[in-house]
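S.K.: The following comprises the amino acid sequence and a computationally predicted model.
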Amino acid sequence: MTDPKKKIIIKPFRSRSHIDRSGAEGILASLDKAINEIHNRNSSRLSFEELYRNAYNLVIQKHGTLLYDGVTNNLSSNLLNTAARLSQVPDSTLLEEVATSFREHVTTMIMIRDILMYMDRTYVAQNKQRPIYELGLYLYRVTVWERDGVQNRVSELLLQAIADERAGFLTDDRSLLKANLAMLQQLGAADGSNVYERDFDGIFIGTTQEFYRNESSLFLAENSASDYVAKAESRLEEEKSRAVALVLPPTTEAPLQQMLEMELIERHAKTLVTLENSGFAVLLKDESKLEE
Amino acid sequence: MDSQNDKFVKLISAEGMEFFMEKSVAISGSETMKAMLEGGFSESENNVVRFPEIQGPILEKVVEYLYYKDKYKKSKGQIPEFAIEPEIALELLVASNYLNC
């Protein structure tokens, strides 16, 4: 293969200049500034390669912890600002502001994750830390979502919007509802928490149950069995199409469906049959009412 | 920026050597290149990437490798060996770790 007389010369490996603690802090400061620019949507002015290389050098020179902690601090303080702002936003625009802020946060996190890809691959894996993207979403949940004035209001607004729809008010908010619900599901998926179940799902099924229990009893007291059946059918259809439109997860759909059938049908099954004048037993006996 | 420009990306090594390669080959071959060129940073605006820490001959070998990878990625049988001169092996290793390819 190689000519035995030719010596292989390997160039002396150019060792990188050692970066000490204060040098590392300098690099971290410039990365910190860059991340702030990304938060402010100014990323196109930054050179990816330079930021990636800086992060890479920090990790190679054993300053991984410094970098990870520095990024965590940066994200936390930016998110605290966001949280403070959102808690002051009026109810009428809160859903929209939250959806927008989350969307922008995701974009920011994708860029930060890309710059810190080397750290994710090496330092994070070796030290069993949260990967950067998941860290960003986790911090969003605990800093922004769980802030007093955000979570309670948004949950309330979501349930109110659905109640309004049931009462027949036209809402054009569906894309906002969808966006906020999708956010909760993503937050839960990123850090394994049950934020969607805790802050929406449980209460949603609860209030839905109460609503239909009341509505069905009242309706049946004043209307014929066949009218009730028509109404129940349309409500079931409505709930189903809403679940699809809002992209509710299968873990919500199944219990929801079950509960609806219980409240709307099972609970009143006996009544529907035995109702005087319009119950099914009467209808079957009286052939003149066959069409109904 | 005309569409001709969008197909190719210019890579500049430490000493200023310039290499052109197809953007799609770079993106499919290296995770780092993909993030660089699709990320919304200045590199994706201009389709130019500078590598101040990678030397010319090394960068050239990397470009060669990315094309080799692209050419044979669908092949299932024996593929020809990718020759690497021992003198550059060490620096090439560092570059490949950097570029994740």
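M.R.: Perfect, I can see it now.

S.K.: okay, now A:Ile203: neighbour count?
M.R.: 15 (other CB atoms under 10 Å in any protein chain shown). Glycine gets a C-beta too; all of them are placed from N, C-alpha and C.

S.K.: Then the one 3 residues further on?
M.R.: Burial of A:Gly206 is recorded as 12 neighbouring residues (other CB under 10 Å).

S.K.: Can you tell me the element the residue lying closest to A:Arg166 once chain neighbours are set aside falls in?
M.R.: Leaving aside its chain neighbours, A:Arg166 sits nearest to A:Phe211 (6.6 Å; criterion: CB to CB, 6 or more residues apart in numbering or on different chains). For A:Phe211, the enclosing helix or strand under DSSP states H and E is helix A:202-222.

S.K.: pLDDT score for the residue nearest to A:Arg166?
M.R.: Per-residue pLDDT puts A:Phe211 at 89.

S.K.: sorry, back to before: so what's the gap between the helix holding A:Phe211 and the chain middle?
M.R.: Between the centre of helix A:202-222 and the centre of its host chain there is 28 Å, according to CA atoms, centre = their mean, to the nearest Å.

S.K.: what about dumping the CA coordinates of it to CSV?
M.R.: Taking C-alpha atoms only, helix A:202-222 is exported to CSV below (Å, rounded to 0.1, in the frame of the first residue of the first chain):
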residue,chain,number,x,y,z
GLY,A,202,-60.1,17.6,34.1
ILE,A,203,-62.1,20.8,34.5
PHE,A,204,-63.3,20.7,30.9
ILE,A,205,-64.8,17.2,31.4
GLY,A,206,-66.2,18.3,34.8
THR,A,207,-68.0,21.4,33.5
THR,A,208,-69.2,19.7,30.4
GLN,A,209,-70.8,17.0,32.5
GLU,A,210,-72.5,19.5,34.7
PHE,A,211,-73.7,21.5,31.7
TYR,A,212,-75.3,18.5,30.0
ARG,A,213,-76.8,17.1,33.2
ASN,A,214,-78.7,20.3,33.6
GLU,A,215,-79.6,20.9,30.0
SER,A,216,-80.9,17.4,29.4
SER,A,217,-83.0,17.3,32.5
LEU,A,218,-84.6,20.7,31.8
PHE,A,219,-85.2,19.8,28.1
LEU,A,220,-86.8,16.5,28.8
ALA,A,221,-89.2,18.1,31.4
GLU,A,222,-90.6,20.4,28.7
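
S.K.: for it, packing partners?
M.R.: With contacts defined as 3 or more CB pairs under 8 Å, 6 or more residues apart in numbering or on different chains; DSSP states H and E, the packing partners of helix A:202-222 are helix A:151-166, helix A:225-245, helix A:250-264.

S.K.: Excluding covalently adjacent residues, which one is nearest to A:Gly136?
M.R.: Nearest residue to A:Gly136 in three dimensions, chain neighbours excluded: A:Met109, at 3.7 Å (CB to CB, 6+ apart).

S.K.: where in the chain is pLDDT low?
M.R.: I'll assume chain A. A:1-17, A:172-173, A:276-279, A:282-283, A:286-292 (pLDDT under 70).

S.K.: think we crossed wires, I meant chain B
M.R.: B:1-5.

S.K.: which residues in it form helices?
M.R.: Here chain B has its helices, by DSSP state H, at B:3-7, B:23-29, B:31-38, B:42-46, B:56-72, B:86-99.

S.K.: Fine by me, thanks again.
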